[in-house]
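Engineer: predicted structure and sequence below. I'll ask about it afterward.
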Amino acid sequence: MNLNIVKAILECGKHQPDKIALVHNENSLSYSELVTRIKKVAHGFKQKGFHHDKIAILSTNRIEFVEVFLGIIYAGCVPIPLDPKWSQSEVNTILQQCDPRMIFTEEAYTRNLRMSDNEIPLLTFSHEETCSYAGWIDSLNPAAEVDETNELLFIAFTSGTTGVPKGYMRTHLSWMKSFEATSEAFEFHNMEHIMAPGPFVHSLSLFALMQSLVSGATFHIVEHFHAKKVLELCENIPGMILFVVPTMIESMMREAIPGRAYMQALISSGGKWSEGSKKRSMEVFGGAKMYEFYGSSEASYISYIDVYAENKPNSVGKPFRGVEISIRDEHFKELPVGEIGQLYIRSEMMFSGYYGLPDETANVFRDGWLMLGDYVSIDENGYLHLAGRAKNMIVSGGLNVFAEEVESVMQLIPAIEEVMVFGQPDDYWGEQVTALIQWSGEEHLSLKEIKEHCRRYLASYKAPKQLITVDQFIYTSSGKIARHEMKEYMRRVML
């Protein structure tokens, strides 16, 4: 196996130089053109004497992001993608933490950069600026093969749903093993066109992009997710493989014409895909293969389920090949089938640690096992069932309630558009199970009706004791409910 992602892409440039690698609106790059630009970028870093240095990219999805990201890796340096949706404070906190030797950005985001070291070169993706990226890359010649290796592939940051983002480190090996596992599990026999309309700064879209290029497919860049535009692209390009989060699927279903052939495969992650949404998706996108997978930035791919083939409601499927699963109690003792405990995994796809946080890294590893912070059970057929995340667990009357378990039951109610469950401090209960609800229409159910519904599926103590209607939720840039921000917002509102 070639354990360098860029060298695998260079091979595609040799074997299919004229095939289109990237498309963005009216612009495109063939594999030979992409390889040339990767080599130019790498040559630029070598000229500056960079060696294993960190280089930041603050940008939306665009072709330049891809060629810079890959050029950094080819030069043996380490790319650090930054989220344009972060606040100025978050961006600069991470820059101080990482201390990059160079920054690539768009003109619109330069105002978010408080440059304490004026010596750090800053290049913008703009044709108008004399110091822009376009002028810089045009001045460079593509170098010969760069004989530079770096086990570290990149450093990226969690979306920060519960606070300050942490940098997680990925190796070439972890992603090459992930490509193998997903190609087998999702039966990628015809990888010609791939799209992941989420931001490249998040692992789902970045992984799909890299898998597309390593496989010699054409990746279709979407700068911002727009349901109608994504569906039009899918309809115009037969055989599209689409990597999305559940909120995107919901948006697309509102725009789609049921029964029309839109895509070859729909792959969902980044949040629980509700059973109701899966059923509607099978009606609307009936011709497409559908998979849901469970994973994390730290673990990469853990388990997956074929939405059509396996009738396992609320299961996150079976482990990918090469993933070892262990479910343990608080004393690290392995639990039997059917019992809920903390999930530990081992695989070659795991991350190598948190950047600059040795104590945080040590806290999530034990005897070679990675602790996910998720509570799960496994059934007699080897299917995983996610109870909830440890950080979202509510202790009410001395009993544990998993927010995600209650949410999945409430999402079965057609009148509910979106729901978030959390614990409100309470003198009697310790924490009171509280549900924030965005209603889908005029019908608003009473607390009594919600409780009656929940008790058909859950123990009585897990049913919400309080309902709060919200007009809309705050979301992270990866499409998940921003739980931390929503809790802070409700705390301020209820003061």
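Structural biologist: Thanks, I have it. Residues are numbered from 1 along each chain as shown.
Engineer: the residue lying farthest from the centre of the chain and Met393, how far apart?
Structural biologist: Distance to the chain centre peaks in the chain at Tyr428, reaching 38.5 Å (criterion: Cα atoms, centre = their mean). According to Cβ to Cβ, to the nearest Å, Tyr428 and Met393 sit 19 Å apart. Quick note: C-beta positions are derived from backbone N, CA and C, even for glycine.
Engineer: what's the answer for Met240, then?
Structural biologist: Taken as Cβ to Cβ, the span from Met240 to Met393 is 39 Å.
Engineer: neighbour count winner among these two?
Structural biologist: Using other Cβ atoms under 10 Å, the more surrounded residue of Met240 and Met393 is Met240, with 22 against 18.
Engineer: quick check, the more buried one in contact with Cys234.
Structural biologist: Yes. With contact defined as Cβ atoms under 8 Å, Met240 and Cys234 form a contacting pair (4.6 Å).
Engineer: now for those two: what residues contact both?
Structural biologist: Residues touching both Met240 and Cys234 (Cβ atoms under 8 Å, 6 or more residues apart in numbering) are 195, 262-263.
Engineer: surely the residue farthest from the centre of the chain is in a helix?
Structural biologist: No. Per DSSP: H, G, I helix; E, B strand; the rest coil, Tyr428 lies outside any helix segment and is coil.
Engineer: show me the contacts for Val307.
Structural biologist: Val307 neighbours (Cβ under 8 Å, 6+ apart): 278, 281-282, 290-292.
Engineer: cool, and Tyr489?
Structural biologist: Ile474.
Engineer: 10 Å instead, please
Structural biologist: 436, 470, 473-474, 482 (Cβ atoms under 10 Å, 6 or more residues apart in numbering).
Engineer: just Ser183 next, same as before
Structural biologist: 189, 191, 211, 214-215.
Engineer: and Asp367, how many neighbours does it have?
Structural biologist: Around Asp367 there are 8 residues (other Cβ under 10 Å).
Engineer: again with Gln466
Structural biologist: By other Cβ under 10 Å, neighbour count at Gln466 equals 12.
Engineer: who's in contact with it?
Structural biologist: With Cβ under 10 Å, 6+ apart, Gln466 has these contacts: 424, 426, 432-436, 447.
Engineer: which of the residues you listed sit farthest apart?
Structural biologist: Pairwise distances across the contacts of Gln466 (Cβ to Cβ) peak at 16.1 Å, for the pair Asp426 and Leu436.
Engineer: if we can go back for a sec, hmm, the residue farthest from the centre of the chain is touching Gly398, no?
Structural biologist: No. Using Cβ atoms under 10 Å, Tyr428 is not in contact with Gly398, being 11.6 Å away.
Engineer: picking that back up, neighbour count for Asp426 and Leu436, which is higher?
Structural biologist: In this view Asp426 and Leu436 are compared by other Cβ under 10 Å, and Leu436 has more residues nearby, 22 against 15.
Engineer: in helices, which of the contacts of Gln466 fall?
Structural biologist: If you go by DSSP state H, the contacts of Gln466 have Leu447 in helices.
Engineer: mind giving me the packing neighbours of the lengthiest helix in the chain?
Structural biologist: Counting by DSSP H, the longest helix found in the chain is helix 31-47. Counting contacts by 3 or more Cβ pairs under 10 Å, 6 or more residues apart in numbering; DSSP states H and E, helix 31-47 packs against helix 5-15, strand 20-24, strand 27-30, helix 63-74, strand 102-105, helix 133-138.
Engineer: any idea what Tyr291 is bridged to?
Structural biologist: Counting by DSSP bridges, Tyr291 forms beta bridges with Ile267, Asp306.
Engineer: I'd like the average pLDDT over stretch 382-390.
Structural biologist: Throughout stretch 382-390, pLDDT has a mean value of 89.
Engineer: brain fart, stretch 187-198
Structural biologist: pLDDT averaged over stretch 187-198 gives 91.
Engineer: just stretch 139-152 next, same as before
Structural biologist: 80.
Engineer: next: stretch 157-169.
Structural biologist: Rounded mean pLDDT across stretch 157-169 is 72.
Engineer: gap between the two ends of that stretch?
Structural biologist: 9 Å (Cα to Cα, to the nearest Å).
Engineer: kindly report the same for stretch 124-138.
Structural biologist: 14 Å.
Engineer: and if you look at stretch 108-125?
Structural biologist: 10 Å.
Engineer: likewise for stretch 178-197?
Structural biologist: 20 Å.
Engineer: next, the buried residues of it.
Structural biologist: 178-182, 185-186, 188, 191-197 (16 or more other Cβ atoms under 10 Å).
Engineer: right, and the pair among these with maximum separation?
Structural biologist: Glu180 and Pro197 (24.6 Å).
Engineer: any regions of the stretch 151-300 of the chain where pLDDT drops low?
Structural biologist: Along the stretch 151-300 of the chain, the model assigns pLDDT under 70 to residues 159-164.
Engineer: which residues in it form helices?
Structural biologist: Remark: helices assigned in the stretch 151-300 of the chain by DSSP state H, counting those that start in this stretch are 172-185, 203-214, 227-236, 246-255, 275-284.
Engineer: TSV for the ones you listed, including distance to Asn314?
Structural biologist: Shown next, in TSV, are the helices of the stretch 151-300 of the chain (distance: least, Cβ to Cβ, whole Å):
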stretch	distance to Asn314
helix 172-185	20
helix 203-214	21
helix 227-236	26
helix 246-255	14
helix 275-284	6
